[in-house]
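Undergrad: Sequence below, structure please.
(chains A and B)
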Amino acid sequence: KAGVTQTPRYLIKTRGQQVTLSCSPISGHRSVSWYQQTPGQGLQFLFEYFSETQRNKGNFPGRFSGRQFSNSRSEMNVSTLELGDSALYLCASRLPSSGGYSYNEQFFGPGTRLTVL
Amino acid sequence: AQSVTQLDSHVSVSEGTPVLLRCNYSSSYSPSLFWYVQHPNKGLQLLLKYTSAATLVKGINGFEAEFKKSETSFHLTKPSAHMSDAAEYFCVVSDRDTGNQFYFGTGTSLTVIP
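TA: Numbering: from 1, shown residues only, chains lettered A, B, ... in the order given. Predicted coordinates for the structure are as follows:
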């Protein structure tokens, strides 16, 4: 099975621009989560999508948004980029929960390295 | 509320000696616990997971971890370190109280000295 893929792998933008990152989950995985990783803040949860619906959301401003398509592929968008948005953005997928309780691990993609100048 | 504390931000060991990476967690319910490894400029790879079955969990590359509920700990060990083990390690807790969201520790950087 192919793993989680993320595109692009590297991106350089300037302040004020917007950016869209893409994630294709493992086949059959309907849950997709996004994380931001920085040296100072570590791994922070952005949001999780399941069956095209946002199921959980982390503590990020509204400039960060996402969506999921019917084929479970997901995109995240950051508008009005700030220098502090420079980070590695990781996408992860997993099998859906059963009965509200999930033992399922998440499988991570290689990440998109975003640099904001 | 869920949280994870990785007690050491950096650990250095000599090649061939044991590895111990410490993790304490808090959780309202019976948690799922995971250890992930991240090599430089790579995504995260699952080492092992605990999901309320056996308390001693064996993972890939010779790693194992023991779930101790009384101590709320889930320490990661390996009998003999290899140079390729040098990486960042993350302990993760998840439970249904927060919709199975993953909570990551701050990470432990493992250095292996030849």
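Undergrad: If you rank every helix and strand of chain B by mean pLDDT, what lands last?
TA: Here the helix or strand of chain B ranked lowest by mean pLDDT, DSSP states H and E is strand B:103-104, holding a mean of 90.
Undergrad: Find the nearest non-adjacent residue to the residue nearest to the spatial centre of chain A, please.
TA: With distances taken as CA atoms, centre = their mean, A:W34 lies nearest the centre of chain A, 2.6 Å away. Nearest residue to A:W34, sequence neighbours excluded (CB to CB, 6 or more residues apart in numbering or on different chains): A:L46, at 4.1 Å. C-beta: built from backbone N, CA, C; applies to glycine.
Undergrad: Could you double-check that that neighbour lies in contact with A:P61?
TA: No - taking CB atoms under 8 Å as the definition, A:L46 is not a contact partner of A:P61, at 10.8 Å.
Undergrad: Check which helices and strands the helix or strand bottoming out on mean pLDDT in chain A is in contact with.
TA: Least confident element among the helices and strands of chain A, by mean pLDDT, DSSP H and E: strand A:53-57 (a mean of 88). Counting contacts by 3 or more CB pairs under 8 Å, 6 or more residues apart in numbering or on different chains; DSSP states H and E, strand A:53-57 packs against strand A:42-50.
Undergrad: again, only using 10 Å
TA: Under the contact criterion of 3 or more CB pairs under 10 Å, 6 or more residues apart in numbering or on different chains; DSSP states H and E, strand A:53-57 touches strand A:31-38, strand A:42-50, strand A:64-68.
Undergrad: what residues are shared contacts of A:L46 and A:P61?
TA: A:V78 (CB atoms under 10 Å, 6 or more residues apart in numbering or on different chains).
Undergrad: who has more neighbours, these two?
TA: With neighbours defined as other CB atoms under 10 Å in any protein chain shown, A:L46 and A:P61 compare such that A:L46 has more, 21 against 11.
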